[in-house]
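S.K.: With the input below, show me the fold.
(one chain, ligands or ions: 1)
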Amino acid sequence: DKVPLLFQPFTIKDLTIPNRIVVAPMCMYSSLDGFFTNFHLASIGSFAINGAGLIIQEATAVLPNGRITPGCAGLWDDAQVFKLKEIVDFVHAQGSKVGIQLAHAGRKVNFLASAGAPYTKYPESAFWPEDVIAPSGGAHLQWDKHHRVPRELSLAEIQRVIDAFGAAAARAARAGMDTVEIHGAHGYLIHNFLSPLTNQRTDHYGGSLENRARFLLEVVKAVRANFPAEKPIFLRVSASDLVEEVEGIEASWEIEQTIQIAKWVRDAGVDVLHVSSGGNTAQQKILTAPGYQVPFAEQIKRAVPGLAVVAVGIILDGPQAEEVLKSEKADLVAAGRTFLRHPNFALNAARELNVKAAFSQQYSRGRTIHG
Ligand code: FNR
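M.R.: Below is the predicted model of the structure:
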């Protein structure tokens, strides 16, 4: 019998992922001063023990003011590498692969979240940044009342953020990460630059699509230059601002623009596009059906040869995931909430697809005794 695609290994550059199931990055608000903790070791570790092929660790800020909340993870300091390496080594010992999502939250720094997050003990006054940065500033670009009014980045500050992405990529490499994923989605800083809804600059970082993509491309180059050439780089994008039917907003960040920048980033060294959507305006119309973002992944895959694609969004079981791969809509399938509900999603999918899944050695006796 042929092994279902979902359980065939996937090789990109020198990285071979043992199956095609990816854990999507998910903020856990459980970092202390940006440091990963034992919570992450246990959580990420459980996905690895239970057979996920590749785990992408949560949005990790390249600068302190790039965190969404004070409990968010960071990689702006060499000292933050140590705990990550422990997590990487643990995942590798289970036979899984692991990457980390590098991010800057831009105007979506949610300074009030600290009040509501039970996970963080820090008073926000201890370290929370005075100002919130974005490509363009002003009250009309404030996300909501829980967010501050953003201030426009200077050219020197833009360069500093680009350099910080590069430095964080170098630290990820030192931790032994198999890949890094650049967070270009969900209304955070890179997406803010890409979309005309949030980029109103008049210099060479604003205006034309080429100008709005300049920041992203410079981040890609900085990351590529600081991460081992034989290891792949992922980029997460929002394929659309999801405002096509919203009155008063002209749809301007859509699949066509995403396909164009996908070609540019491929040529700049991105190997895999992780295709999400939305997050850049509160007026978006979010879709919530199973596989709702798969059509975006499919369109990009068809239009951009030489770029692998991850589909994500309400993928609930093995047969659904297998169908996405079989119909060649994506190369890898990611799940977020499904893994929170069922850390053994990969093992369940194997059972559903009649595959003898590779249990971690410690658990394998359970299989031999109970069939
Ligand atoms: C997320 N998501 C997310 N996305 C991202 O790019 N970086 C992140 O750090 C996070 N954090 C995060 C936390 C939590 C608790 C959830 C539920 C989601 C989005 C996530 O990666 C995924 O794209 C969506 O959840 C849709 O996939 P599912 O959950 O339908 O499989």
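S.K.: State whether Val161 is indeed within a strand.
M.R.: No: counting by DSSP: H, G, I helix; E, B strand; the rest coil, Val161 is not found in a strand; it is helix.
S.K.: so it makes contact with Leu189?
M.R.: Yes: the criterion here is CB atoms under 8 Å, and Val161 meets it with Leu189 at 7.0 Å. For the C-beta atoms, the positions are set from N, CA and C on the backbone; glycine is no exception.
S.K.: what about the two, which has more around it?
M.R.: Leu189 (31 against 22; other CB atoms under 10 Å).
S.K.: Please enumerate the shared neighbours of Val161 and Leu189.
M.R.: Gly66, His104 (CB atoms under 8 Å, 6 or more residues apart in numbering).
S.K.: Tell me the residues of the stretch 51-200 of the chain that contact the ligand?
M.R.: Contact residues, the stretch 51-200 of the chain versus the ligand (CB under 6 Å from any ligand atom): Glu58, Ala59, Gln101, His183, Ala185, His186.
S.K.: List the contacts of the residue in the stretch 201-350 of the chain positioned nearest to the ligand.
M.R.: In the stretch 201-350 of the chain, the residue that lies nearest the ligand is Gly336 (3.0 Å; CB to the nearest ligand atom). By CB under 8 Å, 6+ apart, the contact set of Gly336 is Val23, Ala24, Pro25, Met26, Val312.
S.K.: What is the burial count for the third one?
M.R.: Applying other CB under 10 Å, we find 25 residues neighbouring Pro25.
S.K.: Let me know the helix or strand that it is in.
M.R.: Using DSSP states H and E, Pro25 falls within no helix or strand.
S.K.: which residues does Val355 contact?
M.R.: Taking CB under 8 Å, 6+ apart, one finds Val3, Pro4, Leu6, Phe7 in contact with Val355.
S.K.: Which per-residue confidence value corresponds to the closest residue to Pro290 other than its chain neighbours?
M.R.: Among residues not flanking Pro290 along the chain, Ile314 sits closest, at 4.6 Å (CB to CB, 6 or more residues apart in numbering). Ile314 is assigned 97 on the pLDDT scale.
S.K.: surely Ile314 meets Tyr292?
M.R.: Yes: at 5.9 Å, Ile314 counts as touching Tyr292 under the criterion of CB under 8 Å.
S.K.: a strand runs through Lys221, doesn't it?
M.R.: No: Lys221 sits outside any strand when classified using three-state DSSP, being helix.
S.K.: quick one: contacts for Gly74?
M.R.: Gly74 sits in contact with Ser31, Asp33, Gly34, Phe35, Thr60, Ala61, Val62, Leu63, Pro64, Gly66, Arg67, Gln80, where contact means CB under 8 Å, 6+ apart.
S.K.: Next, count neighbours for the residue nearest to the first one when sequence neighbours are not counted.
M.R.: If the residues on either side of it in the chain are set aside, Ser31 comes closest to Ala73, at 4.4 Å by CB to CB, 6+ apart. Under the neighbour criterion other CB under 10 Å, Ala73 is assigned a count of 29.
S.K.: Ala73 contacts Ala59, doesn't it?
M.R.: Yes: in this structure, Ala73 is within contact of Ala59 by CB under 8 Å, at 7.3 Å.
S.K.: what sits in contact with each of those two?
M.R.: Common neighbours of Ala73 and Ala59 (CB under 8 Å, 6+ apart) are Cys27.
S.K.: Please write out the alpha-carbon positions of the helix or strand Ala156 falls within in CSV.
M.R.: Assigning secondary structure by DSSP H and E places Ala156 in helix 155-174. What follows is helix 155-174, C-alpha atoms only, in CSV (Å, rounded to 0.1, in the frame of the first residue of the first chain):
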residue,chain,number,x,y,z
LEU,A,155,14.4,55.6,8.4
ALA,A,156,17.1,54.9,11.1
GLU,A,157,14.6,53.0,13.2
ILE,A,158,13.5,50.9,10.2
GLN,A,159,17.1,49.9,9.7
ARG,A,160,17.4,49.0,13.3
VAL,A,161,14.4,46.6,13.1
ILE,A,162,15.8,45.0,9.9
ASP,A,163,19.1,44.4,11.7
ALA,A,164,17.3,43.0,14.7
PHE,A,165,15.6,40.4,12.5
GLY,A,166,19.0,39.4,11.2
ALA,A,167,20.5,39.2,14.7
ALA,A,168,17.6,37.1,15.9
ALA,A,169,18.0,34.7,12.9
ALA,A,170,21.6,34.2,13.9
ARG,A,171,20.5,33.4,17.5
ALA,A,172,17.9,31.0,16.1
ALA,A,173,20.7,29.3,14.2
ARG,A,174,22.8,29.0,17.3
